[in-house]
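*Asks:* What follows is a predicted protein model with its sequence.
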Amino acid sequence: MCYFLYGAVNEGINTNDYHNTIQHYEYHFNPGNMDAVNHCVENCGDHYRITAKHCDCGTPIGQKDANNPQLKELAELLYKLRDVRGIKFVLISKNWWKETNRKQNTVHIDDIDLLPFLANMEENCMYRIDLFQKFY
């Protein structure tokens with residue numbers, strides 16, 4: 001059928017900061033947690049879809065092209081989300097219709113090269129990208 005992108009940001013974020021940050025991007029994340037997003041994926045729901053497209057078959061996520069402009073836009077948004085007060089993480093998964101997440105992976109945005117990471121994300125895996133500031 002089609003691919004769909006799902007995701008969320010943690011609850012308790014400053015909604016004004018969040019809306020000011022995402023207003024010019026095609027991606028949006030509702031507040032939620034991994035269980036809520038996975039439940040939405042299992043039921044083919046739309047509450048945690050991160051695009052308003054009919055489907056996400058053309059998404060550059062997982063397509064091995066780190067130079068794709070849409071992927072660069074998503075990476076830019078993820079970096080900007082770090083400035084939202086109360087932000088801790090963002091969840092993202094790419095699922096074929098009626099397929100659920102079989103595994104999960106957690107990384108910190110400071111520990112990865114974000115564009116290649118997004119370009120190489122696997123299907124049916126819930127990724128948690130931690131955005132909080134690390135103190136060394």
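*Replies:* Perfect, I can see it now. In this text the structure is predicted, and so the values were computed from the model without any measurement. Numbers count the residues shown, from 1 in each chain.
*Asks:* Nearest the middle, which residue of the protein would you pick?
*Replies:* Centroid-nearest residue in the chain: Ile92, 3.1 Å away (criterion: Cα atoms, centre = their mean).
*Asks:* What are the boundaries of the helices in the chain?
*Replies:* 15-22, 34-42, 69-81, 114-119 (DSSP state H).
*Asks:* Tell me which of those sits nearest to Gly7.
*Replies:* Of all the helices of the chain, helix 34-42 sits nearest to Gly7, with 6.6 Å by Cβ to Cβ. For every residue, glycine as well, the C-beta is placed using N, CA and C.
*Asks:* in that closest one, what's buried?
*Replies:* Of all the residues in helix 34-42, those buried under the rule 16 or more other Cβ atoms under 10 Å are 34, 36-38, 40-41.
*Asks:* Throw those residues into JSON lines and include distance to Asp111 and pLDDT, thanks.
*Replies:* Compiled in JSON lines, the buried residues of helix 34-42 are given as follows (distance: Cβ to Cβ, whole Å; pLDDT from 0 to 100):
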{"residue": "Met34", "distance to Asp111": "19", "pLDDT": "97"}
{"residue": "Ala36", "distance to Asp111": "26", "pLDDT": "98"}
{"residue": "Val37", "distance to Asp111": "22", "pLDDT": "98"}
{"residue": "Asn38", "distance to Asp111": "24", "pLDDT": "97"}
{"residue": "Cys40", "distance to Asp111": "27", "pLDDT": "97"}
{"residue": "Val41", "distance to Asp111": "26", "pLDDT": "97"}
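*Asks:* what's the closest of the residues you listed to Gln104?
*Replies:* Met34 (7.0 Å).
*Asks:* Would you mind giving the buried residues of helix 34-42 as a markdown table with distance to Glu26 added?
*Replies:* As requested, these are exported to a markdown table (distance: Cβ to Cβ, whole Å):
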| residue | distance to Glu26 |
| --- | --- |
| Met34 | 23 |
| Ala36 | 22 |
| Val37 | 19 |
| Asn38 | 23 |
| Cys40 | 19 |
| Val41 | 20 |
